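*Asks:* Just need the structure, nothing else, for what follows:
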Amino acid sequence: IASRMGTPYLGKMLNAILLQHIRDTLPELKTKVHDLIAHTNTVLRQLGDDDITIMSSGGLLLNLLTRYSNAIVATIDGTNSESITKTELTGGARVNFIF
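*Replies:* Numbers count the residues shown, from 1 in each chain. Okay, here's the model as predicted:
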């Protein structure tokens, strides 16, 4: 009974439990991470970045922000055909209405 008491035994048991838990959950975590990476790459390709592996993260961010700002400018100018509706004010007319 003395071999099962004390800090050294507790440390060994907790270490064994932790290692077993890591072995049990690591494959599932790897699968989730790979699925998230694949999903993120799909979303990036849908945004128009076919070659995302070559572009640096800074370049990718700059490209996305430029596209976003161009879309905002097109919406305000009224040249964005996706945002034009007949039931509500959009673009510059909406900005003029608010101010």
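*Asks:* average model confidence for the host helix or strand of Asn96?
*Replies:* Assigned by DSSP states H and E, Asn96 belongs to helix 91-98. Helix 91-98 carries an average pLDDT of 71.
*Asks:* so how many other residues sit close to Glu28?
*Replies:* Other residues lying near Glu28 total 9 when counted by other C-beta atoms under 10 Å. Every C-beta, even on glycine, is put in place using the N, C-alpha and C of the backbone.
*Asks:* now the one 10 residues further on
*Replies:* In terms of burial, Ala38 registers 10 neighbours under the definition other C-beta under 10 Å.
*Asks:* Spatially central residue in this protein, please.
*Replies:* The centroid of the chain falls nearest to Thr40 when counting by C-alpha atoms, centre = their mean (6.3 Å).
*Asks:* Mind checking what secondary structure that residue has?
*Replies:* Following DSSP: H, G, I helix; E, B strand; the rest coil, Thr40 is assigned to helix.
*Asks:* how near is it to Pro8?
*Replies:* Thr40 sits 45 Å away from Pro8, taking C-beta to C-beta, to the nearest Å as the criterion.
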